[in-house]
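**Student:** my questions are about this predicted structure, shown below with the sequence.
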Amino acid sequence: MGPRLRTLAVFLRGGPVRILHVNKFLYRRGGAEAYMEDLADLQVAAGHRVAFFGMAHPENTHLEYAAHFPAHIEMEPPPPDLAGRLRGVGRMLYSTSASRGMEAVLADFRPDVVHLHNIYHQLSPSVLRPVARRRLAAVMTLHDYKLACPSYQFLDHGRICEACLGGRFQHAVLRRCKDGSLGASAALAGELFLHTVTRAYDPVRIFVCPSRFLAGKMRQAGVYPARLRHVPHFIDTEGMAVKSTPGGPALVAGRLSPEKGVDVAIRAIAMVPEGLLEVAGTGPEEERLRRLADAVAPGRVRFHGLLGKEDVHRLMLAASVVVLPSRWYENQPMVVLEALARGVPVVGPDLGGLPELVDPGKTGALVPPDAPRALADALRPFLADPGHGWSMRESAIARVRSDFSPERHLERLDELYAQARVSRVRAAA
């Protein structure tokens with residue numbers, strides 16, 4: 001970490017802060033977990049004490065309080081038997097085991113701040129009951145749109161949908177927006193309805209929104225508008241390798257699922273003569289995408305499967321452009337910050353939080369969503385002329401270093417932790 005890292009000493013007027021991170025998974029499973037892990041490392045490097053609470057899982061890497069974790073249960077895919085599905089629904093609504101476990105961890109660790117991440121389903125807001133009883137400062141980073149949309153993504157069968165915005169959660173059931181399943185859609189809608197009407201998230205004093213777009217949607221939905229704060233994610237660029245030679249193929253890196261729109265990138269590359277596309281990642285769409293690539297762009301799409309972080313970064317450094325062809329409202333995807341920090345421009349849809357990261361003509365390009373031809377037109381200059389993307393290299397690096405530094409991120413959280421503590425004291429008075 002950089003030498004300018006300052007501690008949160010102002011929060012406690014000296015000395016380290018004790019921070020309990022709460023997330024259903026305690027290993028690097030996805031973007032939320034990666035952010036939590038990196039933030040915790042940052043806070044430890046700044047002199048603070050951190051601990052973790054989550055669900056029991058064989059891949060967990062934080063086991064100090066494992067004896068108090070609620071039992072492992074998977075929701076994606078849902079349990080195959082009726083009893084398992086009923087247990088899953090019960091866990092979604094209120095988990096007594098998670099609440100008891102949280103109580104025990106709070107008693108032992110005695111945190112100054114409880115920082116929540118993704119607690120939906122496997123933990124549920126039941127973990128907030130003991131936080132409220134102890135009058136602790138609580139903040140929650142919103143990694144998706146769950147508090148406004150039962151299915152997280154504002155998607156209905158692959159298309160943008162805001163029918164549930166403002167508490168009209170019955171539309172999720174009517175449209176069967178969760179995998180076309182009436183039961184699954186009803187469970188998600190019922191979960192969010194119950195937690196909304198009971199104000200289950202009241203103990204959270206501040207909701208951290210990585211993008212202004214997400215904050216705007218939460219405000220539009222009436223989700224604690226006075227408690228929303230915009231704090232972008234961070235990326236540590238110290239010692240990071242940057243792109244050293246111009247040119248290269250296009251790169252898509254991420255989960256191969258319908259909302260990510262990788263099929264749009266494949267159809268676009270088919271329209272760019274001699275264009276090459278590298279695909280890093282795996283997911284439920286992989287076989288379909290392989291067949292599509294063989295049909296429309298034979299020999300010009302290379303699938304790498306699931307790669308480690310270092311291998312993804314090597315592909316990134318060799319690429320002329322990173323493509324993010326998502327169909328949904330991306331919040332603040334780390335792959336964009338990682339690409340820009342390495343001097344690689346990004347092309348993606350003018351949708352969600354992406355316009356806050358990509359400055360057309362300076363750090364990449366924005367196109368209409370779900371539009372292969374428009375994406376092809378945007379990619380063509382990057383793939384035909386190595387100097388096109390290379391000319392954006394310095395602007396991309398400078399943008400990340402100025403706006404998304406670890407030091408600035410800690411300063412912002414410092415302020416929010418202090419605000420949360422003051423707000424909690426006032427609420428208890």
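**Tutor:** Now that the structure is in, tell me what you want to look at.
**Student:** name the helix or strand of this structure that has the lowest mean pLDDT.
**Tutor:** Lowest on mean pLDDT, DSSP states H and E among the helices and strands of the chain sits helix 9-12, with a mean of 38.
**Student:** which is the next helix or strand following that one?
**Tutor:** strand 18-22 (DSSP states H and E).
**Student:** mind saving the C-alpha coords of that following strand as CSV?
**Tutor:** What follows is strand 18-22, C-alpha atoms only, in CSV (Å, rounded to 0.1, in the frame of the first residue of the first chain):
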residue,chain,number,x,y,z
ARG,A,18,-12.2,-2.6,15.1
ILE,A,19,-14.3,-3.4,12.0
LEU,A,20,-16.5,-6.5,11.6
HIS,A,21,-17.1,-7.3,7.9
VAL,A,22,-20.3,-9.3,7.3
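**Student:** strand partners of that strand, parallel vs antiparallel please.
**Tutor:** For strand 18-22, the paired strands and their directions (DSSP bridges) are strand 49-53 (parallel), strand 113-116 (parallel).
**Student:** output the longest one in PDB with nothing but the alpha carbons.
**Tutor:** Taking Å, rounded to 0.1, in the frame of the first residue of the first chain, the C-alpha atoms of strand 49-53 are listed here in PDB:
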ATOM      1  CA  ARG A  49      -8.300  -4.800  13.500                       C
ATOM      2  CA  VAL A  50     -10.800  -6.600  11.300                       C
ATOM      3  CA  ALA A  51     -12.900  -9.800  11.700                       C
ATOM      4  CA  PHE A  52     -15.400 -11.600   9.600                       C
ATOM      5  CA  PHE A  53     -18.900 -13.100  10.000                       C
END
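**Student:** what comes into contact with that strand?
**Tutor:** Counting contacts by Cβ atoms under 8 Å, 6 or more residues apart in numbering, the residues outside strand 49-53 that touch it are 16-23, 26, 40, 43-44, 62, 64-65, 68-69, 101-102, 105, 109, 111, 127. All C-beta atoms are positioned from the backbone trio N, CA, C, and that covers glycine.
**Student:** now do stretch 223-231
**Tutor:** 147-148, 201, 204-212, 215, 218-219, 409, 412-413, 416.
**Student:** stretch 232-241 now?
**Tutor:** Residues outside stretch 232-241 that contact it (Cβ under 8 Å, 6+ apart): 1-2, 35, 38-39, 42, 210-211, 313, 317, 332, 334, 337-338, 341-342, 397, 400-401, 403-406, 408-409.
**Student:** what confidence value was assigned to Gly180?
**Tutor:** pLDDT, Gly180: 88.
**Student:** what does Ile73 give?
**Tutor:** Reported pLDDT for Ile73: 84.
**Student:** give me the number of residues near it?
**Tutor:** When neighbours are counted by other Cβ atoms under 10 Å, Ile73 registers 20.
**Student:** now it: which helix or strand?
**Tutor:** Counting by DSSP H and E, no helix or strand carries Ile73.
**Student:** ramachandran coordinates for it?
**Tutor:** phi -150, psi 140 (degrees, to the nearest 10).
**Student:** measure it to Ala378 for me?
**Tutor:** Here Ile73 is placed at a distance of 43 Å from Ala378 (Cβ to Cβ, to the nearest Å).
**Student:** and if you look at Ala107?
**Tutor:** 55 Å.
**Student:** more crowded one of those two?
**Tutor:** Each of Ala107 and Ala378 has its neighbours counted (other Cβ under 10 Å); Ala378 has more, 22 against 11.
**Student:** pull the number of nearby residues for the closest residue to that one other than its chain neighbours.
**Tutor:** Distance criterion Cβ to Cβ, 6 or more residues apart in numbering; nearest residue to Ala378, sequence neighbours excluded, is Ala365 at 4.4 Å. Neighbourhood size, Ala365 [other Cβ under 10 Å]: 25.
**Student:** again with Val279
**Tutor:** So Val279, with other Cβ under 10 Å, has 25 neighbours.
**Student:** so what strands line up beside the helix or strand where it lies?
**Tutor:** Assigned by DSSP H and E, Val279 falls within strand 277-280. Strand 277-280 has its sheet partners listed here by DSSP bridges as strand 250-253 (parallel), strand 301-305 (parallel).
**Student:** any weak-confidence spans in the stretch 301-429 of the chain?
**Tutor:** Within the stretch 301-429 of the chain, the stretches with pLDDT under 70 are 424-429.
**Student:** which parts of it are helices?
**Tutor:** For the stretch 301-429 of the chain, helices defined by DSSP state H, counting those that start in this stretch occupy the ranges 309-318, 334-341, 372-384, 386-390, 393-403, 406-428.
**Student:** measure stretch 256-270 end to end?
**Tutor:** End-to-end distance of stretch 256-270 (Cα to Cα, to the nearest Å): 18 Å.
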